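Student: Curious how this folds, go ahead:
(one chain, ligands or ions: 1)
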Amino acid sequence: MINETYESMLNAKNIIRVLSEFATARGEEIGYDNVFDYSLGNPSVPAPQAFTDEMIRLLREEDPMALHGYSPTLGNPAYKEQIAASLNRRFDMHYTAGHIFPTTGAAGAIAHAVRAVTKPGDTVLTFAPYFPEYQPYITGAGLTLRVVPADREHFQINFSELEKLMDEQVAAVLINTPNNPSGVVYSEETLKRLASFLENRSQRFGHRIFLISDEPYREIVFDGREAPYVSKFYDHTLSCYSFSKALSLPGERIGYVAVHPACEKADKIVPMCGQISRGLGHNCPPSIIQIAVSNTCDLTSDLSVYEINRNLLYDKLTELGYTVEKPGGTFYIMPKAMEEDSVAFCEKAKKYDLILVPADGFGAPGFFRMAYCIDTEKVRRSLPALEKFTREEYGK
Ligand SMILES: Cc1ncc(COP(=O)(O)O)c(C=O)c1O
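Tutor: All right, here's what the predicted structure looks like:
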């Protein structure tokens with residue numbers, strides 16, 4: 001008999017995928033240039049030339065047996081050393097190579113991190129709005145995902161709701177900052193408060209509550225700021241990083257788990273990840289990519305386009321009367337829809353060739369997400385469509 005759990009998942013519609021397919025089909029009718037497709041979070045700027053040059057150099061000069069051979073189970077040593085050195089330099093941390101485990105993107109990092117610090121049957125707590133893939137990531141590990149309702153004003157953490165939902169079943173808390181879908185960056189104040197809450201409840205419950213910090217957008221921050229580095233605030237943190245977004249390498253499937261050196265059982269967690277990967281089959285990310293990234297891990301793509309796009313959209317949305325928290329980073333913005341039913345709102349937007357995603361699936365009903373990782377010229381051309389849609393449908 002085939003597995004009923006996975007079979008039943010086939011019936012669940014992925015709204016982002018459905019909308020993206022709609023955009024592609026509409027593009028075939030009127031030209032994709034005329035469809036304002038804000039559905040997908042795929043970087044719109046290429047990886048830096050230095051990364052391409054490094055790949056070419058490696059292929060020309062390095063030993064093919066090393067480039068295309070298996071990497072060690074716990075990762076390529078140079079990759080681990082360079083990542084540790086980079087994090088130490090940038091965030092004044094004290095990682096060694098032994099605290100770094102290479103993974104297939106942030107998805108792979110979270111898959112390992114949650115398994116390392118929970119056992120099947122435990123609960124993982126996260127905060128709305130959240131990346132909808134957390135559901136399969138968590139339930140796929142035999143865990144229950146519990147969602148703390150959003151602070152619908154600023155999209156920091158809703159601490160009064162957190163207090164209600166925290167109990168002994170919770171083995172780990174999963175956060176995402178800068179956040180998909182809101183674009184909000186958690187403040188130092190939020191992270192300090194979260195850390196002291198987790199410390200307090202760990203003492204009260206007599207077991208350590210781990211913090212899993214999903215941070216693929218860590219470098220995509222605006223207004224000359226930096227996102228606070230989550231591990232600085234709570235020792236028992238596993239940082240899950242990905243080079244998919246800031247280095248524009250989503251197809252290469254490369255990231256890592258960085259275990260805080262002072263984390264409970266820190267010396268065991270990376271070797272345990274090696275064991276977890278045997279069960280997952282997600283072992284040993286490609287050697288050539290680990291090597292190439294180890295020499296380019298301090299670089300990013302030209303991320304300036306995302307800030308330009310953020311400004312254009314934020315200014316227009318506020319001018320049109322939308323309620324919206326200004327994103328501090330990422331390439332997402334999450335305004336409040338002009339009617340309560342955000343699914344209906346996004347459906348109406350399609351008439352204007354605007355592809356907007358209702359945020360219900362992100363745990364924020366009544367809001368919608370725009371992924372503005374698209375050409376600035378297209379963002380500019382979409383603004384009259386946004387205005388026409390808002391005025392004609394909502395009389396604004
Ligand atoms: C918040 C968040 N976490 C994790 C992921 C997965 O990232 P990756 O492609 O590196 O696996 C994404 C991808 O969009 C994301 O937005």
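Student: nearest residue to Glu54 other than its sequence neighbours?
Tutor: Ala292 (5.0 Å; Cβ to Cβ, 6 or more residues apart in numbering). Where you see a C-beta, it was placed from the backbone N, CA and C, and this is true even at glycine.
Student: Could you list the residues in contact with the helix or strand where that neighbour lies?
Tutor: Using DSSP states H and E, Ala292 maps to helix 287-294. When contacts are defined by Cβ atoms under 8 Å, 6 or more residues apart in numbering, helix 287-294 is touched by residues 51, 54-55, 58-59, 62, 66-71, 75-76, 78-79, 81-83, 102, 243, 247, 249, 252-254.
Student: dump the residue contacts of the residue in the stretch 51-200 of the chain positioned nearest to the ligand.
Tutor: Ranked by Cβ to the nearest ligand atom, the top residue of the stretch 51-200 of the chain for proximity to the ligand is Gly105, at 2.7 Å. By Cβ under 8 Å, 6+ apart, the contact list for Gly105 reads 216, 242-244, 250, 253-255.
Student: Could you do Pro358 as well?
Tutor: 15, 337, 342-343, 345-346, 365, 367-369.
Student: before we move on, the earlier item: roughly how far is the helix holding Ala292 from the heart of the chain?
Tutor: 21 Å (Cα atoms, centre = their mean, to the nearest Å).
Student: still on that earlier bit, in strands, which of the contacts of helix 287-294 fall?
Tutor: By the criterion of DSSP state E, membership of those in strands covers Pro102.
Student: Quick one, which of the contacts of helix 287-294 are buried?
Tutor: 51, 54-55, 58, 67, 71, 75-76, 79, 81-83, 102, 243, 247, 249, 252-254 (16 or more other Cβ atoms under 10 Å).
Student: Of those residues, which belong to helices?
Tutor: Here DSSP state H is the test, and these give 51, 54-55, 58, 67, 79, 81-83 as lying in helices.
Student: Check these and tell me the two furthest apart.
Tutor: Greatest spatial distance among these (Cβ to Cβ): Met55 and Glu81, at 19.9 Å.
Student: Pick out the lowest-pLDDT one from the contacts of Pro358.
Tutor: Ranked by pLDDT, these bottom out at Ile15, which has 89.
Student: picking that back up, give me the number of residues near the residue nearest to Glu54?
Tutor: 28 (other Cβ atoms under 10 Å).
Student: Please report the distance of it from Arg57.
Tutor: 9 Å (Cβ to Cβ, to the nearest Å).
Student: Quick check: the residue of the stretch 201-350 of the chain nearest the ligand.
Tutor: Closest point on the stretch 201-350 of the chain to the ligand, by Cβ to the nearest ligand atom, is Ser242, at 3.1 Å.
Student: Check that residue and give its pLDDT.
Tutor: 98.
Student: So what pairs up with it in the strands?
Tutor: Note on Ser242: beta-bridge partners by DSSP bridges are Gly255.
Student: wait, doesn't it sit right on Ile254?
Tutor: Yes: with contacts counted by Cβ atoms under 8 Å, Ser242 reaches Ile254, the gap being 7.4 Å.
Student: Could you check the pLDDT of the residue of the stretch 51-200 of the chain closest to the ligand?
Tutor: Gly105 is given a pLDDT of 97.
Student: Also Arg17?
Tutor: 88.
Student: what's the helix or strand for it?
Tutor: helix 15-30.
Student: what comes up buried for that helix?
Tutor: Neighbour count says helix 15-30 has 15-16, 19-20, 23, 26-27 buried, by 16+ other Cβ under 10 Å.
Student: ok, and what's touching that helix?
Tutor: Taking Cβ under 8 Å, 6+ apart as the rule, helix 15-30 contacts 32-35, 37, 39-40, 132, 346, 350, 353, 355, 357-358, 360-361.
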